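Trainee: sequence? don't have it. structure:
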Ligand SMILES: Nc1ncnc2c1ncn2[C@@H]1O[C@H](COP(=O)(O)OP(=O)(O)OP(=O)(O)O)[C@@H](O)[C@H]1O
Ligand SMILES: [Mg+2]
């Protein structure tokens, strides 16, 4: 095992029937860093994360977490915490009961439930039924569950979807603080400007293949003349991997007489 890498993906392939979702990919996620996982819809991000957690079986290849396969981890929730599907809790349970159930099953005390509720800002609403929570609250519960086992590695699949600006900043600060303490974050998102503020390095997928890996600065440099945003670099890297093309020519233009949708002029 390399001590520098928390996650090692080695020649991972995942097929669903005839569908090749992940096509022989290899990359490493360095320890003590935030690594962003980007790629167009259907690129294979969630599938790769599910394989990391043993939720899907690889068709071939392997993934090591701290040098071991997930199934060989003695206490997996202490090694890796994950949020893959924010709606994956029982709707009739309160956040508190949901987290208490997980805590019991991994041997964490009740006090740890209180801690993660406090960390995720859910303390005051924790006893309400989960079905009554907003989308953002559901995301927070998912993140709270991921943190329960005090894991060394955090895997978050689009954690900021549906979060309010405070929540988005909170996830950013959580990721950075987590990495600063020597632990590891692997986070997917479609929000380029948010990723730019959060990650140290990136893995970019397209159609089941790795398109690029590197530090944030390295990736940004791939965008062109040295002054690019992550979005510019991302667009360039993925232009042949998106499932749709940017072509607005089929949209009829508004002629000057049909200006019922015209916006008021700025003064
Ligand atoms: N259980 C499944 N059965 C069949 N096909 C699947 C299954 N899960 C994923 N796929 C397919 O595998 C490919 C990769 O999907 P995946 O969800 O990993 O992409 P993603 O990068 O997470 O996309 P998004 O950004 O939309 O979340 C897609 O073509 C998807 O339709
Ligand atoms: Mg996904």
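Mentor: Ah, there it is. The structure presented is a predicted model; accordingly, all values stated were derived computationally and were not measured. Residues are numbered from 1 along each chain as shown. Ligands and ions are numbered 1, 2, ... in the order given.

Trainee: Around ligand 2, pick out the residues from the stretch 1-150 of the chain.
Mentor: Counting by CB under 5 Å from the ion, the stretch 1-150 of the chain comes close to ligand 2 at 45-46. Using the backbone N, CA and C atoms, a C-beta is placed for each residue, glycine as well.

Trainee: Helices along the stretch 1-150 of the chain, start to end?
Mentor: Per DSSP state H, counting those that start in this stretch, the stretch 1-150 of the chain carries helices over the ranges 45-52, 76-79, 95-105, 110-119, 135-147.

Trainee: mind listing what the residue of the stretch 51-200 of the chain found nearest ligand 2 touches?
Mentor: Nearest residue of the stretch 51-200 of the chain to ligand 2: residue 157, at 5.9 Å (CB to the ion). Going by CB atoms under 8 Å, 6 or more residues apart in numbering, residue 157 touches 45-46, 49, 82-85, 188.

Trainee: let's go with 10 Å and repeat that
Mentor: By CB atoms under 10 Å, 6 or more residues apart in numbering, the contact set of residue 157 is 37, 45-46, 48-50, 82-86, 142, 186-189.

Trainee: Which positions in the protein make contact with ligand 1?
Mentor: Taking CB under 6 Å from any ligand atom, the part of the chain that reaches ligand 1 is made up of 16, 19, 21, 39, 41-47.

Trainee: Now with 8 Å, please.
Mentor: With the criterion set to CB under 8 Å from any ligand atom, the chain comes near ligand 1 through 14, 16-17, 19, 21-22, 39-50, 56, 157-158, 188, 190, 205, 208.

Trainee: which among those end up buried?
Mentor: 14, 21-22, 39-40, 42-50, 56, 157-158, 188, 205, 208 (16 or more other CB atoms under 10 Å).

Trainee: In strands, which of those appear?
Mentor: If you go by DSSP state E, those have 14, 21-22, 157, 188, 205 in strands.

Trainee: quick one: low-confidence ranges for the stretch 1-150 of the chain?
Mentor: Within the stretch 1-150 of the chain, the stretches with pLDDT under 70 are 1-3, 86-92, 130-131.

Trainee: Residue of it nearest ligand 2, please.
Mentor: residue 46 (3.1 Å).

Trainee: Could you report the distance from the closest residue to that residue other than its chain neighbours to residue 187?
Mentor: Of all residues not flanking residue 46 in the chain, residue 157 sits nearest, at 5.6 Å (CB to CB, 6 or more residues apart in numbering). Distance of residue 157 to residue 187, given as CB to CB, to the nearest Å: 8 Å.

Trainee: that older thread, redo the helices of the stretch 1-150 of the chain as JSON lines? Include distance to residue 224.
Mentor: Output for the helices of the stretch 1-150 of the chain, formatted as JSON lines (distance: least, CB to CB, whole Å):
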{"stretch": "helix 45-52", "distance to residue 224": "25"}
{"stretch": "helix 76-79", "distance to residue 224": "40"}
{"stretch": "helix 95-105", "distance to residue 224": "46"}
{"stretch": "helix 110-119", "distance to residue 224": "40"}
{"stretch": "helix 135-147", "distance to residue 224": "34"}
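
Trainee: Among the ones you listed, which comes closest to residue 200?
Mentor: Using CB to CB as the measure, helix 45-52 is the one of those that comes nearest residue 200, at 18.1 Å.

Trainee: Can you list the helices and strands that the closest one packs against?
Mentor: strand 5-16, strand 19-30, strand 34-38, strand 60-65, strand 80-83, strand 153-157, strand 184-188, strand 201-206 (3 or more CB pairs under 10 Å, 6 or more residues apart in numbering; DSSP states H and E).
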